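Undergrad: any chance you can model this:
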Amino acid sequence: MSSNPTRPPETNAAGDNEERIKRFLATASHDLQSPLRHIAMYAELLLDDLEATLEGEHLQSLRMIMEKAQTAQRLTKTLMSLAGGTPQVTPEEVDLQALVENIWGELTDETSIRNATLTSDGLPSIRTDPALLGLALRHLISNALTYRSEAPPGVTITAEREGVDWFIRISDNGTGIDPAYRERIFEAFWKLPKAGAIPGAGLGLTTAREFLKALGGDVSLEHSDETGSRFTIRLPVA
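TA: Reported below is the predicted structural model:
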């Protein structure tokens, strides 16, 4: 009688990391739902009570709080669906130029970098999910501002259609990525070695790739040397 010994499961680091990311996204998104709902609700109540008495700048700030909270609510729901394996993608016509400029303004305010420049004139409108694409772009632009050289940060974003795909290229003048690390930059919880503490969990590029895969696309490092790096987002036209 022949025996069939059970083979020990093979270690699958990539699969383990993917599962960890999904658990992380699901837990974080679930825990954020309640506070975000309350922030949006109270902002809406304040608007109802004070809209007639507030001046322009204060009124705009309160509206911004409510809009950002509502946007964050939609994003957390999207992340939960992504973690559950059934991403909820809501395609619409997206003004890529406006999206990029909005992300750039938020990031430069958050980082207090005043000498950074963005070149992105004339980006097209594309049909995709603005929340998922916005998150992916935010991670890539944030990296360009974080891993900067001694020169003032400069980021150039272009987009062109090639056949059935859009290609969005994000170029920077940063420190570049050592060839030894270029296969690792998309690994979960891994951060590029750099002098000084770099904030974050090391999930930026990993989650950006997951968001873009949910849209039928991908992201890759197209070029990197001592003059900077260029990442390329590929998205289907429709």
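
Undergrad: residue contacts, the closest residue in space to residue 92 that isn't next to it in sequence?
TA: Of all residues beyond its chain neighbours, the one nearest residue 92 is residue 130 (6.5 Å), with distances taken as CB to CB, 6 or more residues apart in numbering. Placement of C-beta: from N, CA and C, glycine included. By CB atoms under 8 Å, 6 or more residues apart in numbering, the contact list for residue 130 reads 92, 94, 99.

Undergrad: also residue 182?
TA: Under the contact definition (CB under 8 Å, 6+ apart), the residues listed for residue 182 are 221, 224.

Undergrad: do a quick rundown of the strands in this structure.
TA: In the chain, the segments counted as strands under DSSP state E are 92-95, 117-119, 125-128, 154-162, 165-172, 218-225, 228-236.

Undergrad: check which residues of the first one are buried.
TA: Looking back up the chat, that one is strand 92-95. Going by neighbour count (16 or more other CB atoms under 10 Å), the buried part of strand 92-95 is residue 94.

Undergrad: I'd like to know which elements it is packed against.
TA: Packed against strand 92-95 by the contact rule (3 or more CB pairs under 8 Å, 6 or more residues apart in numbering; DSSP states H and E) you find strand 125-128, helix 130-146.

Undergrad: next, count neighbours for the closest residue to residue 80 other than its chain neighbours.
TA: Leaving out its chain neighbours, the residue that sits closest to residue 80 by CB to CB, 6+ apart is residue 29, at 4.4 Å. Counted with other CB atoms under 10 Å, residues neighbouring residue 29 total 21.

Undergrad: from residue 40, how far off is the closest residue to residue 63 other than its chain neighbours?
TA: Sequence neighbours aside, residue 47 is the residue nearest to residue 63 in space, at 6.8 Å (criterion: CB to CB, 6+ apart). For residue 47, the distance to residue 40 under the criterion CB to CB, to the nearest Å works out to 11 Å.
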